[in-house]
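Participant: Here is a sequence with its predicted model. Questions after.
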Amino acid sequence: MPVLSRYFVCLLIHKKQFDHELGWFFCIRNNKRILGRNKYGRREISAGAGERVSPILEVAGLRKSFGPVEVLRGVDLHLDAGEVLAVVGDNGAGKSTLIKHISGVYRPDSGRMLLAGTSLDLSSPREARQRGVETVYQDLALADDLSIGANIFLGREPMRRLFGFLPVVDERTIRRETTELLKRIRSEIPPEARTVARLSGGQRQAVAIARAIYWKAKVVLLDEPTAALAVMERERVIHHTRDLAAHGVGVIYIGHNLVEILKVADRIAVMFRGRVVHVTLAAETDQETLIKYMTGYSESKKAA
């Protein structure tokens, strides 16, 4: 068959920066596109003389004002499936406002968003989740008094019939699915942990990320996921973020720690005064360059 003869998939298991980390390569012949993972778990992209793979998320000309203050001034960016796109910028650059548009909290004054090529016109965060856009905020939106499984299935609990007619929550299914999910993401969290309140910050992030993977999110927005975490906990969050991308999820990662950003991201978009002023591969930039764009130094040099 001609289609099958043109495409092949190679799966490679390797041990790189993280023990037992899953690496993968997806290769398309005829020099069209080659995606893979480098030794840090980041994607390496080589585009040939073929058509570009459609992004999982596109934002074009997004504008938003609050009274006389224009917070977003025509934001353009795209996100591919299986990619970690870090968005950085100083306070007030528009990062949080952008995230709240993609997650359905705000509606833009103008511009458009596309999810897998389809219009993403959201009226609420609930609708965003239904469309496959999950947001993990700093506070994680986890219920401390509930178990890991109860948090993963909160609001979407599997049901069974007691005595053949009485609907009750299927606790056995929740426990089984939670155990398998934690194994899948290679988490160190014991599935029998009684409540989320007993977990560390990094473990709580893992629960939120596991929830996104289980419910087959297309895009996950991580807002300052390592804030207030210890060094080891931060490394775990970076690991789980890369794991999200390895499952084909597009990840937008908001952060201020440029050392972590350069480690976790495939590409980096810099925002300044409501616009994306610079986009680069993480492997082709450094902290000094990013800071110049974040502070507007490069913009002032252009104006001069």
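Facilitator: The structure has been received and is ready for your questions.
Participant: which stretches of the stretch 101-250 of the chain have low pLDDT?
Facilitator: For the stretch 101-250 of the chain, the stretches with pLDDT under 70 are 139-140, 191-193.
Participant: need the strands for it, in chain order.
Facilitator: 110-115, 118-119, 133-136, 159-162, 166-169, 219-223, 250-254 (DSSP state E, counting those that start in this stretch).
Participant: TSV please, covering these and showing mean neighbour count and distance to V276.
Facilitator: Using the backbone N, CA and C atoms, a C-beta is placed for each residue, glycine as well. Shown next, in TSV, are the strands of the stretch 101-250 of the chain (neighbours: other Cβ atoms under 10 Å; distance: least, Cβ to Cβ, whole Å):
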stretch	mean neighbour count	distance to V276
strand 110-115	16	12
strand 118-119	9	21
strand 133-136	24	19
strand 159-162	10	44
strand 166-169	10	44
strand 219-223	25	16
strand 250-254	26	12
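Participant: Throw the ones you listed into CSV and include distance to A197, thanks.
Facilitator: As requested, the strands of the stretch 101-250 of the chain are exported to CSV (distance: least, Cβ to Cβ, whole Å):
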stretch, distance to A197
strand 110-115, 34
strand 118-119, 39
strand 133-136, 18
strand 159-162, 26
strand 166-169, 20
strand 219-223, 21
strand 250-254, 25
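Participant: tell me the domain ranges of the chain?
Facilitator: Following automatic domain parsing, the chain resolves into domains at 2-47, 57-303.
Participant: Straight-line length of stretch 160-172, end to end?
Facilitator: This stretch, stretch 160-172, spans 10 Å end to end (Cα to Cα, to the nearest Å).
Participant: Mind listing residues that contact it?
Facilitator: 157-159, 173 (Cβ atoms under 8 Å, 6 or more residues apart in numbering).
Participant: repeat for stretch 132-142
Facilitator: Outside stretch 132-142, the residues that reach it (Cβ under 8 Å, 6+ apart) are 99, 102-104, 115, 120, 122, 125, 128, 151, 196, 204-205, 207-209, 211-212, 215-225, 227-228.
Participant: What mean pLDDT does stretch 287-304 get?
Facilitator: Mean pLDDT, computed over stretch 287-304, is 79.
Participant: if we can go back for a sec, what about the strands of the stretch 101-250 of the chain, which gets the closest to Q287?
Facilitator: Q287 sits nearest to strand 250-254 of all the strands of the stretch 101-250 of the chain, at 16.1 Å, using Cβ to Cβ.
Participant: Give me the helices and strands touching the closest one, please.
Facilitator: On a contact count with 3 or more Cβ pairs under 8 Å, 6 or more residues apart in numbering; DSSP states H and E, strand 250-254 meets strand 69-79, strand 84-88, helix 95-102, strand 219-223, helix 231-246.
Participant: Now tabulate those in a markdown table and tack on distance to L57.
Facilitator: Below are those laid out as a markdown table (distance: least, Cβ to Cβ, whole Å):
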| stretch | distance to L57 |
| --- | --- |
| strand 69-79 | 4 |
| strand 84-88 | 9 |
| helix 95-102 | 7 |
| strand 219-223 | 5 |
| helix 231-246 | 13 |
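Participant: out of the contacts of stretch 132-142, which are buried?
Facilitator: Neighbour-count burial (16 or more other Cβ atoms under 10 Å) is assigned, among the contacts of stretch 132-142, to 99, 102-104, 115, 120, 122, 125, 128, 151, 196, 204-205, 207-209, 211-212, 217-225.
Participant: Filter the contacts of stretch 160-172 down to just the ones in helices.
Facilitator: Filtering these for membership in helices, criterion DSSP state H, returns T173.
Participant: can you redo the contacts of stretch 160-172 as a markdown table with distance to G296?
Facilitator: Listed next are those as a markdown table, based on distance: Cβ to Cβ, whole Å:
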| residue | distance to G296 |
| --- | --- |
| E157 | 49 |
| P158 | 51 |
| M159 | 54 |
| T173 | 53 |
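Participant: before we move on, the earlier item: just the domains of the chain: most buried one?
Facilitator: Counting by mean count of other Cβ atoms under 10 Å, domain 57-303 has the highest mean neighbour count of these, with a mean of 18.
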